[in-house]
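Chemist: A structural model of the following input is requested.
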Amino acid sequence: MLLAYPLWFQFAGPQHYRGMPFAAYSYRLDAASFTAAARQTVIGNDHPPGLLAPNPTEESSFFGPVLLVLAVVIVIWLGRRALVRALAGCGLLFALLSLGTEIRVHGTDTGIPGPYRLVAALPPLDLAVPARFALVCVPVLGVLLALSLDRVRPRRATVERAGPDAVAPPGP
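Modeler: Sure thing, here's the model as predicted:
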């Protein structure tokens, strides 16, 4: 009961709004953006802003070809693990969702419907910006890299813990 008025004020009071002030589905990524390098990186270039991303600050999917090839190699190499397969599926799903309702390649609409079209009318997702789904790929790639580094890291021999009666070696 104490929250009735504040909740009403937030969702139905003066100056409330419904929906987004812009068409959120139009902010989608270009399929070529995943193989591009961000402008601020060592291998990045000054491609025209807005060609592969909705605006110049939306380079969240610019992973570059090396990282994507490395991710594919890791998935093939460690693909027997359920965690790796789940990460690969999650990353692929969110990468596809970030392409929006129609897939665009190098700034040209292809006419191929994007997977986001299937969920764009659902209430929680109708206000989502498709380009933001690519942000899920960042931790997915990070975990895949961590799992591969853990696999190649040389293991140390297990050191037995000294019991409570152990005497510490003399200091220097």
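Chemist: contacts only, for residue 114.
Modeler: 28, 96-97, 99-103, 130 (Cβ atoms under 8 Å, 6 or more residues apart in numbering). (C-beta placed from N, C-alpha, C; glycine too.)
Chemist: span of stretch 110-120 from start to end?
Modeler: Terminal residues of stretch 110-120 lie 19 Å apart, using Cα to Cα, to the nearest Å.
Chemist: distance from the chain centre to it, please.
Modeler: 19 Å (Cα atoms, centre = their mean, to the nearest Å).
Chemist: quick one on the thing from earlier: quick one: which of the contacts of residue 114 sit in helices?
Modeler: 96-97 (DSSP state H).
Chemist: pLDDT weak spots in this structure?
Modeler: Counting by pLDDT under 70, the ranges of the chain that qualify are 17, 19-25, 42, 44-51, 54, 56, 156-172.
Chemist: now do the strands in it.
Modeler: 102-105, 108-113 (DSSP state E).
Chemist: would you turn the ones you listed into CSV with distance to residue 134 and mean neighbour count?
Modeler: What follows is those, written out as CSV (distance: least, Cβ to Cβ, whole Å; neighbours: other Cβ atoms under 10 Å):
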stretch, distance to residue 134, mean neighbour count
strand 102-105, 14, 18
strand 108-113, 18, 11
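Chemist: save these as JSON lines, and put in distance to residue 61 too.
Modeler: Output for these, formatted as JSON lines (distance: least, Cβ to Cβ, whole Å):
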{"stretch": "strand 102-105", "distance to residue 61": "12"}
{"stretch": "strand 108-113", "distance to residue 61": "17"}
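Chemist: quick one, which of the ones you listed is nearest to residue 32?
Modeler: Smallest distance to residue 32 across those (Cβ to Cβ): 5.6 Å, for strand 102-105.
Chemist: and that closest one, which strands flank it?
Modeler: If you go by DSSP bridges, strand 102-105 pairs up with strand 108-113 (antiparallel).
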